[in-house]
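K.L.:
Just the structure for this:
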Amino acid sequence: MELKDKIIEYFFNLLNKPHVAGSDHLFHSELIKAFNKLDADGYSTNDGNIIITVPATGKEYKNKPAIILQTHLDMPAIMAADVDFDFKKDLLTLKVDDNKNYISSEGTNFGATNAIAIIYMLLLLQEKDFNHPEMVFIITRDKELAMSGATKIDMEAFKTAKYLINLDYDKEGDLILACSGSEVLHGNYTYRKKLTLGSVFELEVSGLTGSWANLYTTSTLGNPAKILAHILFHLMLLGNQIQIVDINCRPTLGRTLDRGTMKVITQLEEEEMVQLVNDIITIILPCYSLCDPQLKFVIKPISEADKLMAFDSDSSASMLFNLLFLPNGVEFNNDGVPLASSDILYCFTENDNVLIGEKIKFVNANYNGFLKSKINMFYSFSHARISEAEVVPPYVLNPKSKFDQLVSNTWKEQTGKNMKIRYFNGVLENGLFKLKLPDIDIVSIGPTVENAQTVHEKLDLNSAVRVYELLKKVIENISKEEL
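P.N.:
This next block holds a predicted model:
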């Protein structure tokens, strides 16, 4: 069977199982069975990570440093607005084009980047004439939620490993030498509420691709909290007295922020309010639909002449100010290199409180400090109680390392092309592994996945074959050269 056909077979027979963050227990056990079926020394740690150790082949490799291949188990849950899919139990509907160039999924993403990495590990175990040092395959749990797998994993047994190849990347021919760190800032605002008379409406935005704290440096994906604030801003700009009753922009499975709602109360009549909102939507829709073509706005009348508790005018304006002006997007230097990105992870009301979480990703630690101060400034304007999550440090390959040269030279021998050196605003687990293994050299590679982490995600199968051959050759070469 050709390599491409083996990859397709694994996708349809194993990687079609649900493996969404927080609901991947079935896939976890199936995967361990698949590795053990190949006589691999695979086991699950107490924190849910999967580790497979593969002994070195031949005398020349046995005394060489081990090499670690790493990816993660879970995927985000992203589906088209018109698709009814249960990521906890439904099998992915995968499809391959007639020429076997691409594999994709109908109406959902399918976790292509980590799925193909897992397949690479399974394929390496089946290679017959393949000489290599000790290999350690690490598949971390919960990467798309809180990275608890990489945070908790005990790496003491692998202190002698010198190299780690992270396979959580989506563009063939790129070589990632530096990856961002991250930090989450949580703000808890207490606003004033008062009994208010008026008509209640719910504004809903859905069909977003899913806001992911700008994992990709070119991302301009819509954030539901920002979009709802944009609509409300236009309504208030027209002189309308509108107060916020509640807002609910919380992630669904896998932490995608692809929809949100806001309830408001106003003195406007239903017909006038609906017309105003629809007019505003017509104006702002082009701002977002380019990146989110399935974006939908709906206004629903909830009740007329109702009396209920709503945030007063000053509190509603303060909340709107924060949602509009909190940083959201990617910050670049003059050379187009990303310095940091930020995104609202969640925003929802709870009694008299509004809870907002803002995630920063950063390569430049100094710029992270600037962006963090900027966000805290907005929080403090509204007297928010601020708490900070644990910081994940950025990672940069040691300039003295020759590991990148080895990978680049191997790629050039294989394809005749030079690799492009990249600094990626993602792959956060690299920083955590560097903390645990201070002397290790880490790079990230992967095959081309178009529209990764969207419903239009598709894996280039020819690219997947080429990157697998690169991976295998790098592992063979790594013990032949003194790096």
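
K.L.:
and Val407, what does it touch?
P.N.:
By Cβ atoms under 8 Å, 6 or more residues apart in numbering, the contact list for Val407 reads Leu175, Met419, Val443, Ile445, Leu470, Val474. Every C-beta, even on glycine, is put in place using the N, C-alpha and C of the backbone.

K.L.:
Following the helix or strand hosting it in sequence, what is the next regular element?
P.N.:
Val407 belongs to helix 403-415 when assigned by DSSP states H and E. The element immediately downstream of helix 403-415 (helix or strand, assigned by DSSP H and E) is strand 420-424.

K.L.:
which of the residues in that following strand are buried?
P.N.:
Arg422, Tyr423, Phe424 (16 or more other Cβ atoms under 10 Å).

K.L.:
Strands of the stretch 101-250 of the chain, residue ranges please.
P.N.:
Along the stretch 101-250 of the chain, counting by DSSP state E, counting those that start in this stretch, strands occupy 102-105, 135-140, 163-166, 174-179, 181-190, 193-206, 242-249.

K.L.:
what about the helices in the stretch 201-350 of the chain?
P.N.:
224-237, 270-289, 313-325 (DSSP state H, counting those that start in this stretch).

K.L.:
so where's the stretch 351-483 of the chain uncertain?
P.N.:
Low-confidence segments of the stretch 351-483 of the chain (pLDDT under 70): 425-426, 481-483.

K.L.:
Show me which positions of the least confident helix or strand in the chain by mean pLDDT end up buried.
P.N.:
Among the helical and strand segments of the chain, the one scoring lowest on mean pLDDT, DSSP states H and E is strand 329-332, with a mean of 76. By neighbour count on 16+ other Cβ under 10 Å, the buried set for strand 329-332 is Val330, Glu331.

K.L.:
Which strands or helices does that strand pack on?
P.N.:
strand 338-350 (3 or more Cβ pairs under 8 Å, 6 or more residues apart in numbering; DSSP states H and E).

K.L.:
What residues of the strand it packs on count as buried?
P.N.:
Of the residues in strand 338-350, Pro338, Leu339, Ala340, Ser341, Ser342, Asp343, Ile344, Leu345, Tyr346, Cys347, Phe348, Thr349 count as buried by neighbour count, 16+ other Cβ under 10 Å.

K.L.:
Now render these as a markdown table, adding pLDDT and distance to Phe85.
P.N.:
Below are the buried residues of strand 338-350 laid out as a markdown table (pLDDT from 0 to 100; distance: Cβ to Cβ, whole Å):
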| residue | pLDDT | distance to Phe85 |
| --- | --- | --- |
| Pro338 | 69 | 32 |
| Leu339 | 75 | 37 |
| Ala340 | 78 | 34 |
| Ser341 | 80 | 29 |
| Ser342 | 83 | 30 |
| Asp343 | 82 | 24 |
| Ile344 | 86 | 25 |
| Leu345 | 84 | 23 |
| Tyr346 | 89 | 22 |
| Cys347 | 92 | 25 |
| Phe348 | 93 | 24 |
| Thr349 | 92 | 28 |
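
K.L.:
tell me the SS of Tyr43?
P.N.:
Three-state call for Tyr43 (DSSP: H, G, I helix; E, B strand; the rest coil): strand.

K.L.:
that older thread, any idea which of the helices of the stretch 201-350 of the chain is most buried?
P.N.:
With neighbours taken as mean count of other Cβ atoms under 10 Å, the helices of the stretch 201-350 of the chain reach their highest mean count in helix 224-237, at a mean of 21.

K.L.:
tell me what that helix is packed against?
P.N.:
strand 193-206, strand 242-249, strand 260-266, helix 270-289, helix 313-325, strand 338-350.

K.L.:
cutoff 6 Å now
P.N.:
strand 193-206, strand 242-249, strand 260-266, helix 270-289, helix 313-325 (3 or more Cβ pairs under 6 Å, 6 or more residues apart in numbering; DSSP states H and E).

K.L.:
Ok, which of these comes nearest Glu144?
P.N.:
With Cβ to Cβ as the criterion, Glu144 lies closest to strand 242-249 of the helices and strands packed on helix 224-237, at 17.9 Å.

K.L.:
which residues sit against the closest one?
P.N.:
With contact meaning Cβ atoms under 6 Å, 6 or more residues apart in numbering, strand 242-249 is reached by 196, 224-225, 235, 260-266, 310-311, 316, 319, 347-349.

K.L.:
show me what contacts Phe93?
P.N.:
Small correction: residue 93 is Thr, not Phe. Taking Cβ under 6 Å, 6+ apart as the test, what Thr93 contacts is Ser105, Glu106.

K.L.:
Now do the phi/psi pair for it.
P.N.:
phi -90, psi 90 (degrees, to the nearest 10).

K.L.:
Also the one 3 residues further on?
P.N.:
Reported as degrees, to the nearest 10, the phi and psi values for Val96 are phi -120, psi 140.

K.L.:
if I look at it, how far off is Ile8?
P.N.:
6 Å (Cβ to Cβ, to the nearest Å).

K.L.:
next one: Thr410
P.N.:
Taking Cβ to Cβ as the measure, Thr410 falls 26 Å from Ile8.

K.L.:
surely Glu429 meets Ala150?
P.N.:
Yes: counting by Cβ atoms under 6 Å, Glu429 does reach Ala150; the two are 4.3 Å apart.

K.L.:
bridging residues for Tyr189?
P.N.:
Beta-bridge pairing of Tyr189 under DSSP bridges involves Val354.

K.L.:
Adjust the sequence numbering to begin at 2 for everything that follows.
P.N.:
All right, first residue 2 from here; so that's Tyr190.

K.L.:
Tell me how far it lies from Gln242.
P.N.:
Tyr190 is 21 Å from Gln242, by Cβ to Cβ.

K.L.:
okay, those two: which has more neighbours?
P.N.:
Tyr190 (21 against 14; other Cβ atoms under 10 Å).

K.L.:
hang on, the more buried one packs against Ile357?
P.N.:
No: Tyr190 lies out of contact with Ile357 (Cβ under 6 Å); the separation is 7.3 Å.

K.L.:
Tell me where the longest strand sits in this protein.
P.N.:
strand 297-312 (DSSP state E).

K.L.:
in that one, what's buried?
P.N.:
For strand 297-312, by 16+ other Cβ under 10 Å, it's Lys297, Phe298, Ile300, Ala311, Phe312.

K.L.:
what's the closest of the residues you listed to Met274?
P.N.:
Ile300 (7.3 Å).

K.L.:
who's the closest one bridged to?
P.N.:
Applying DSSP bridges, one finds that Ile300 bridges with Leu204.

K.L.:
Report the distance from stretch 96-110 to the chain centre.
P.N.:
Offset of stretch 96-110 from its chain centre (Cα atoms, centre = their mean, to the nearest Å): 21 Å.

K.L.:
contact partners of that stretch?
P.N.:
For stretch 96-110, using Cβ under 6 Å, 6+ apart, the contacting residues are 5, 9, 12, 79-81, 84, 86, 93-95, 454, 456, 458-460, 462.

K.L.:
Apply 8 Å and report the result again.
P.N.:
Counting by Cβ under 8 Å, 6+ apart, 5-6, 9, 12, 76-81, 83-84, 86, 88, 93-95, 111, 113, 451, 453-463 sit against stretch 96-110.
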